[in-house]
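*Asks:* Sequence below, structure please.
(one chain, ligands or ions: 1)
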Amino acid sequence: MSEIICNHVKKAYGETIVLHDVSFTIQPHERISIIGGSGSGKTTLLKLLNALILPDEGSIQIDGIDISTMDANLLRQSIGYVIQSIGLFPHMTIYDNITYVLRLKKWDAIRMQQRVEELLHIVDLDATLLTRYPDELSGGQKQRVGIARALAADPKVVLMDEAFGAVDEITRHTLQEELLRIHAVDPFTLVFVTHDIKEALYLGERVMVMKDGCVEQFDTAQHIRQHPKTAFVKQLLSYL
Ligand SMILES: Nc1ncnc2c1ncn2[C@@H]1O[C@H](COP(=O)(O)OP(=O)(O)OP(=O)(O)O)[C@@H](O)[C@H]1O
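*Replies:* Down below sits the predicted model:
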């Protein structure tokens, strides 16, 4: 499961309205990418889905439950979240980073060890890295650790914010393919924020284009390509 419904959500920081009356539904297991100009509200939207911030108006439901009524910590433990700066804990080993949520959930050591082995296989990382600290890894390896950590507790929703933005083109493409492979094997609802239209169309079954806090178009990748609704969407497609 994990249908996400965003219902007339409005968010402002002080006087500045960052999201205006945003509504959409994401189907269980769907892959959505979000693209838009800088400051259009993409990260704010992900933070709302993760209950890191709350809407001023409107509501967000996951599987029919308004997330503002849920325990925020439990909600976040059930959602995988990967950000560009990765957010690995620098003072923890890679093993401890990957198992962070599992330890919060009080998994026993043997089960955790087995899950880490599975995760290393899924994200194609070598077990010798487990005792290292984040500083001792390359950018691509850190991204893989970030993905492994996000997937550790088998979340039904995964939010990725410019997750592959800080790696070279080849690593980026490899990570994109791996993400699709991981999703195909054990699907989850994926919301992937990117600045790259090519990446948005490649990863998203549907693509949401945002501008100035509004959704300009939310359609299948094919429909966006064939029928861009606004000048802004056309402009994005011109970068392909
Ligand atoms: N904590 C905050 N306090 C005040 N304003 C904020 C805060 N966080 C974000 N903003 C503002 O809200 C707007 C939307 O920011 P957001 O990070 O959601 O945009 P974005 O689409 O993710 O941008 P980018 O692509 O540059 O990362 C921006 O104008 C930003 O300056």
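
*Asks:* Show me which residues of the chain sit near the ligand.
*Replies:* 13, 18, 36, 38-44 (CB under 6 Å from any ligand atom). To be clear about C-beta, it is placed using only N, CA and C from the backbone, and glycine gets the same treatment.

*Asks:* Taking these together, which two end up most distant?
*Replies:* Y13 and G36 (17.0 Å; CB to CB).

*Asks:* Those two: who's more crowded?
*Replies:* Neighbour count, other CB atoms under 10 Å: between Y13 and G36, G36 has more, with 24 against 10.

*Asks:* picking that back up, now the residues of the chain next to the ligand in CSV, with secondary structure, pLDDT and distance to I79?
*Replies:* As requested, those are exported to CSV (DSSP: H, G, I helix; E, B strand; the rest coil; pLDDT from 0 to 100; distance: CB to CB, whole Å):
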residue, secondary structure, pLDDT, distance to I79
Y13, strand, 95, 23
V18, strand, 96, 21
G36, strand, 94, 21
S38, coil, 89, 25
G39, coil, 92, 24
S40, coil, 94, 22
G41, coil, 95, 19
K42, helix, 95, 16
T43, helix, 93, 15
T44, helix, 96, 16
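
*Asks:* okay if I get those residues as CSV plus distance to V158?
*Replies:* Formatted as CSV, the residues of the chain next to the ligand follow (distance: CB to CB, whole Å):
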residue, distance to V158
Y13, 26
V18, 23
G36, 20
S38, 23
G39, 24
S40, 21
G41, 20
K42, 16
T43, 16
T44, 18
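
*Asks:* And the residues you listed, which of them are buried?
*Replies:* Buried residues within the residues of the chain next to the ligand, counting neighbours by 16 or more other CB atoms under 10 Å: 18, 36, 40-44.

*Asks:* Nearest to K142 among those residues?
*Replies:* T43 (19.5 Å).

*Asks:* residues near the residue nearest to that closest one when sequence neighbours are not counted, how many?
*Replies:* Distances taken as CB to CB, 6 or more residues apart in numbering put D161 closest to T43, at 5.7 Å, once the chain neighbours are dropped. Neighbours of D161 under the rule other CB under 10 Å: 22.

*Asks:* So D161 versus D168, what's the distance?
*Replies:* 19 Å (CB to CB, to the nearest Å).

*Asks:* now F192
*Replies:* Taking CB to CB as the measure, F192 falls 19 Å from D168.

*Asks:* now do K106
*Replies:* With distances taken as CB to CB, K106 is found 39 Å from D168.

*Asks:* all strands of the chain, in order?
*Replies:* In order along the chain, the chain carries the following strands (DSSP state E): 4-13, 16-26, 31-36, 57-62, 65-66, 79-83, 157-161, 189-193, 206-211, 214-220.

*Asks:* Each with direction, which strands does the fourth one pair with?
*Replies:* Read that as strand 57-62. strand 4-13 (antiparallel), strand 65-66 (antiparallel) (DSSP bridges).
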